[in-house]
Structure formats: C-alpha cells, structure tokens
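Novice: quick check, what structure comes out for this input:
(chains A and B)
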2 protein chains.
Amino acid sequence: MNFTNANILITGGAGFIGSALARRLAKQGAHVTIADSFVPEYGGNMANIEDILPAVHLSITDVRDQHSMNHLVQGKDFLFNLAGQTSHLDSMTAPFTDLEINVRAQLSILEACRQFNPRIKIVFAGTRQVYGKPDYLPVDEKHPLRPVDVNGINKLAGEWYHLLYNNVHGIRATVLRLTNTYGPSMRIKDARQTFVGVWIRNLLTGQPLEVWGGEQLRDFTYVDDCVEAMLLAAASDAANGMALNLGGGDAVSLRQLATLLTELHGGGSYTIREFPAERKKIDIGDYYSSDTLLRSTLGWAPTVSLREGMQRTLDYFSSHLERYI
Amino acid sequence: MNFTNANILITGGAGFIGSALARRLAKQGAHVTIADSFVPEYGGNMANIEDILPAVHLSITDVRDQHSMNHLVQGKDFLFNLAGQTSHLDSMTAPFTDLEINVRAQLSILEACRQFNPRIKIVFAGTRQVYGKPDYLPVDEKHPLRPVDVNGINKLAGEWYHLLYNNVHGIRATVLRLTNTYGPSMRIKDARQTFVGVWIRNLLTGQPLEVWGGEQLRDFTYVDDCVEAMLLAAASDAANGMALNLGGGDAVSLRQLATLLTELHGGGSYTIREFPAERKKIDIGDYYSSDTLLRSTLGWAPTVSLREGMQRTLDYFSSHLERYI
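Specialist: A predicted model of the protein is given here:
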C-alpha cells in the first residue's frame, strides 16, 4: 500500500477513527483533506488533529451540505466516508437528524462522486448494527439483516447506496461493518460512540463503571487495526461492491472487560446494573462478528490485543483527559 | 372482517390499489378518508374514485407534508399506507425524490401515529423489489434482502421503519411485499407502476406490445386479491410486526403473458426486443414469490385467475381508455 501523494478526503476526519486514519496517511506523504462538522454531539474534536494540522487541509463543513461535498470530492483518489450519527438512542429520539446524515447525505456524497469524480474509490464505515439481534454467533455476512433501531435502518440504507453506486454507476466502493472500535481519541464524554468511552471516563475521573447486564459478549477492534483494514480496502479492488465485517477477534463479556480495565488502571470499581428500560428495547444480547471474509479477501489481521489496546487507550486519556470530558 | 363504521385513512387512495380498497371499504360502510397528491407521474387519478366520491372524504395532499399527516392520522382506526414512488428507473435518475417519499415521509407518518394516534393499525405496501435478483425460486421471506436500485433500498427502509415502530413503539403494523399487481384502474400511461400497464395501453390503441427479453418468469396478483390480503392484515393481529410476501400463484413468462393478452383481446401483436442498457443494469431475471406465509398466517388465498383478471382488466380499459392515456 502506497498512498504517497495520493489525494484523500476523509469525512468525519476530526473524529475518532478519521483522525487516526488522517495521521497515518499524512505520515506516508498523502495529501489529506479532512471534512468535519464539529457538531458537539459527534466525534469531531480539535484535540484529535492538532498535531497533524500543518500537514492536512481542514474544511469545517457538514456532509449534509451538498455544495461543499460537490467541491470536496473533486480531484480526490480516495474517499474515506466516516461521518455519521452513531448514537442508537439519539436515532430513536431524533430520527430525522439520523436520516439526514446517515441516509440523505450519503446519497448526496455518492451523487457528487457520480457527477464530479466517478473514478474515486470509496471506503464506507458501516456498522454491525445492521444485523440486529443475532440468530447465530459469530455473525458472518450471510446473517439476515434486521436492524433494530432507526440508526441501524438508516446506516443500512447508506451502505446499500454505496454498493448500488458501485454496481450500477461503477464508482468503486467497499463497506466495512465496524463493531466496537476503541482507542485513543475516542469519544468518552458520553456513550454516543460506544459504552467503552464512558467507562474510561469514569475510571479516570474516579467514578465507578456502570455495567448494564454484564454477561453479554462483545468483540472489540483497536483503532489501528481498523485503520489498517480501511487502507487495505482502499488499496485493493478485491472488495469492490462488498460489505465486510470488521470483527475483533475474541469476544469478552462486559464484566470481563470491566475487570480488565480496573486491573490495567490499577484501581477503580464497577457496579452491575439492570438495563434501563429504553435501552433494553433495542439491546441485541451477545454479539460478535466473524471477520473471516475480511481476512481472506484483503489479507487483514488484527495485531493489537485487547489488553495492549486498552492499556494504550488508558495511557492516552490519562495525559489528555481535559480535552475529552 | 367487519369494517362498518371504522375510520380509515388510505394514503395513495386515488391510486390503483388504494381506490379499489376505498371502494370495497366504502361499500361496507366504513368512513374512508383518501389522501392523494395527484402528482401526474404517480398513480392518483380522479377517474378511479369519482364513483365513490360522495361516500368518501378526499384530501388532496402529499405524504411529504408532515402537517397534514399529523392531522389526518388522528381518530383513525386503520391506516392503509400505500402512497409511494414506484418507478425503478425514476428512482435512479431522481433518487432524492424517491428518498423523500419512500423514506422520509414514511418516518413522518409513523411519527405522526406515535405522537397523535398510537392505537392505529397500519398496513404498509412494500415491494418484492427488496429481494433483488433471486438466489432461489420461489422467493420466500427468508431470502436475503439485496435491493438493486434506489427504489428498492428506500422501500426497504420505509418497510423497516414500520416494523421498528411496531416492535419498539407498539404501533401495530404489517408489511405486504407486493409483486406485479394488475387490474382495472392501474396506471397504463407508462411503465411507472408495471410494464403490464403499457402492454394494455398498446393493445387497446392498436400498437404492438414490446416484450423485453421474453422468457423471464413473473407472478401477478389481481387487484381484488391484493385488497383482500390488505383487509385481512388490517383485521388480524397475527401478522403484526411481520413482512409477508403477497405472491401471485403460478408464474408465467412474459412471452406467455403477451400471448394471453393478444388472445383475450382477440387481436394485436407483440415484438420481442433486447433489454435497453439502462434497464438491463437493474433487471433481476426470473422472479416469483412464495406466498405460503401469508396464506398460513392470515388465511389468504387468491381467487381470480390470471386469465379472468386480465379479461376484466381489458374490459375495464376498453370502456374507460380516454381517462387513462
């Protein structure tokens, strides 16, 4: 993979995964443009990109702004399309906002590519949420699609637009269905990206972790492994028109994860609580992905263990806490 | 099933299926409100409802108008939610229009029900288009969902919103995935509803039918059988939260159908042509549905044969042609 001098657009580029991707690409000598709206409820955070700002171009804009998207896609070799509304709960209370970002804006971006830059290659950040409550584990790509919240429905529509534009209009696109991605720069202010963020915040601010349920199994991907998968998807045409699970190796229970975090941190406690009613309605029980197809199609393999990744995450936030809470 | 004095809203109620439903319900003494936009490219046609106009209330409005929907759902026992953009080709050239009608407006309608009338029962007109190109035949509800055009993606999102609001918000909803429905009052001006419409127009105006391909198998539902399924779905709680195929019995090839039509009409001819390139891209080959689940869940069975149904259709348009072309 050589992205030297490649022209790259990253929507949501000041967010958690987008900024890690931007950093990696900028170091390789790529010409990186970040588009980010810095909507306070989402992932964009200036603290994520200040170190690379001299080396990247930043447009503060919103994927809902068709005009800026029309301009920004032009002349780019790759689009990493990561901007999205990620909160399941917010999607239920503000479904139209989720629709505008996760459905309409995706169609806008693809139309912009079709009209102004059909040779671009797109990597789209999808979600395991499209599978809903699993029929079997691990969940592979043949699992029925059965989203259980507005976010899941909308993300699936956005994903399908990408595959459709690949198949019908020849705009190459690969979808990665992310599971719980974690690492430095993640949103820890609240649970809008993942519950792990809140746990880390609580741990570092001396409050107990609140574990809902506790025995549910989940898989986790360290952000660098996620970035690697996105770069592999961009560099190869092997997965054009495909939606691939980006899984996370061994599943652990939430209780095990809480134990690991308190151990790594050398302190802290957790309390096990019943699910809040609102959350229970859209909970999916155990979930972990099969990443076999991603491994075989793109040669990807995760390299950072959960222990190592969580340690790095805690270390990062220990020294940057005030910019994230 | 007794709908006497029931308060009923039918979106798309001046369209092909909606008007047949309105007529049937009005005859039973239901209080029927029709909401229809009469957008010229869609199915609404005053000729479809003039005979029942004294007995029904007509609101000329658009499902995209949230305010009118907020009002119209109030006090209703049943909502037959049939308004939609149905043209596959139009969805590819005007994807945002399709999105507004088939996605956003559906969410608006459901939000209106959640806020103003959560006890309503909804029957939603879905489409077999959500399955895309079949892996096997007949296509049952376990078949993978893989829409191949913008319309299919958007209709699927609209369908899922209905199931989600059933599951999470308790607003009872059943989805019927329609295949080629045909009968009196269908749109014959062009192929926006189904290709059968254009064939009938050509036959009755003395032009040859244009058959693309010819050997593809399709199933067909006569409109009265479709209406019966919708009434059964409304009257029962057995299919709440379910999406059921509304299939059409025996599949026939397009060539066979063209032969049948010319035979019933006692004249006319057809020419077999290659698929136009634009159409070929989104064609799905053979398709026919399994309706086993609908039969077992709601006790539905079709009663009108293809021959009988096509005869009635030709008879209707023979005497009403000028209002439809």
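
Novice: what is the longest helix that chain A contains packed up against?
Specialist: Among the segments of chain A that qualify as a helix by DSSP state H, the longest is helix A:150-169. Judged by 3 or more C-beta pairs under 8 Å, 6 or more residues apart in numbering or on different chains; DSSP states H and E, the packing partners of helix A:150-169 are helix A:88-93, helix A:95-99, helix A:105-116, strand A:121-127, strand A:173-178, helix B:150-169. Where C-beta positions appear, they are placed from N, C-alpha and C, glycine not excepted.

Novice: out of these, deepest packed?
Specialist: Sort the helices and strands packed on helix A:150-169 by mean neighbour count, taking mean count of other C-beta atoms under 10 Å in any protein chain shown, and strand A:173-178 sits at the top with a mean of 27.

Novice: partners of that strand in the sheet?
Specialist: Partners of strand A:173-178 in the sheet, by DSSP bridges, are strand A:121-127 (parallel), strand A:243-246 (parallel).

Novice: quick one, helices of chain A?
Specialist: For chain A, applying DSSP H gives helices covering A:16-27, A:46-49, A:66-72, A:88-93, A:95-99, A:105-116, A:150-169, A:195-204, A:223-235, A:254-265, A:277-280, A:292-298, A:306-320.

Novice: any chance of CSV for the ones you listed, columns distance to B:Leu261 and mean pLDDT?
Specialist: Listed next are these as CSV, based on distance: least, C-beta to C-beta, whole Å; pLDDT from 0 to 100:
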stretch, distance to B:Leu261, mean pLDDT
helix A:16-27, 56, 98
helix A:46-49, 64, 96
helix A:66-72, 45, 97
helix A:88-93, 47, 93
helix A:95-99, 42, 98
helix A:105-116, 38, 98
helix A:150-169, 31, 97
helix A:195-204, 60, 95
helix A:223-235, 49, 98
helix A:254-265, 62, 96
helix A:277-280, 55, 74
helix A:292-298, 46, 97
helix A:306-320, 65, 97
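
Novice: closest to B:Pro184 out of those?
Specialist: helix A:150-169 (34.5 Å; C-beta to C-beta).

Novice: redo the strands paired with strand A:173-178 as JSON lines? Include mean pLDDT.
Specialist: Below are the strands paired with strand A:173-178 laid out as JSON lines (pLDDT from 0 to 100):
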{"stretch": "strand A:121-127", "mean pLDDT": "98"}
{"stretch": "strand A:243-246", "mean pLDDT": "98"}
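
Novice: JSON lines for those strands, including distance to B:Arg172?
Specialist: Conversion of these to JSON lines gives the following (distance: least, C-beta to C-beta, whole Å):
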{"stretch": "strand A:121-127", "distance to B:Arg172": "28"}
{"stretch": "strand A:243-246", "distance to B:Arg172": "32"}
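
Novice: A:Ala239 and chain B, how far apart?
Specialist: Counting by C-beta to the nearest C-beta, to the nearest Å, the gap from A:Ala239 to chain B is 17 Å.

Novice: so that residue sits right up against A:Ala233, yeah?
Specialist: Yes. The pair A:Ala239 and A:Ala233 passes the contact test of C-beta atoms under 8 Å, sitting 5.5 Å apart.

Novice: for A:Trp84, give me its contacts.
Specialist: Careful, residue A:84 is Gly; it's not Trp. Contacts for A:Gly84 (C-beta atoms under 8 Å, 6 or more residues apart in numbering or on different chains) come out as A:Gly12, A:Ile101, A:Asn102, A:Ala125, A:Lys155, A:Gly158.

Novice: so who does the third one touch?
Specialist: Taking C-beta under 8 Å, 6+ apart as the contact definition, A:Asn102 lies against A:Gly84, A:Gln85, A:Asn151, A:Asn154, A:Lys155, A:Ala157, A:Gly158.

Novice: wait, doesn't the second one sit right on A:Arg104?
Specialist: No. Because the distance of 11.6 Å does not satisfy C-beta under 8 Å, A:Gln85 is recorded as not touching A:Arg104.

Novice: B:Gln66: which of the helices of chain A is closest?
Specialist: helix A:95-99 (9.5 Å).

Novice: now for the closest one, which elements pack on it?
Specialist: Using 3+ C-beta pairs under 8 Å, 6+ apart, helix A:95-99 sits against helix A:88-93, helix A:150-169, helix B:105-116.

Novice: repeat that with 7 Å
Specialist: Contacts defined by 3 or more C-beta pairs under 7 Å, 6 or more residues apart in numbering or on different chains; DSSP states H and E place helix A:95-99 against helix A:150-169, helix B:105-116.

Novice: so which of those helices is nearest A:Thr205?
Specialist: Closest to A:Thr205 of those is helix A:150-169 (C-beta to C-beta; 27.6 Å).

Novice: and the gap between A:Ala234 and A:Ala20?
Specialist: A:Ala234 sits 14 Å away from A:Ala20, going by C-beta to C-beta, to the nearest Å.

Novice: make that A:Ala55, sorry
Specialist: Applying C-beta to C-beta, the value for A:Ala55 to A:Ala20 is 14 Å.

Novice: with neighbour numbers in mind, choose between the two.
Specialist: Set side by side, A:Ala55 and A:Ala20 show more neighbours around A:Ala20, with 23 against 16, by other C-beta atoms under 10 Å in any protein chain shown.
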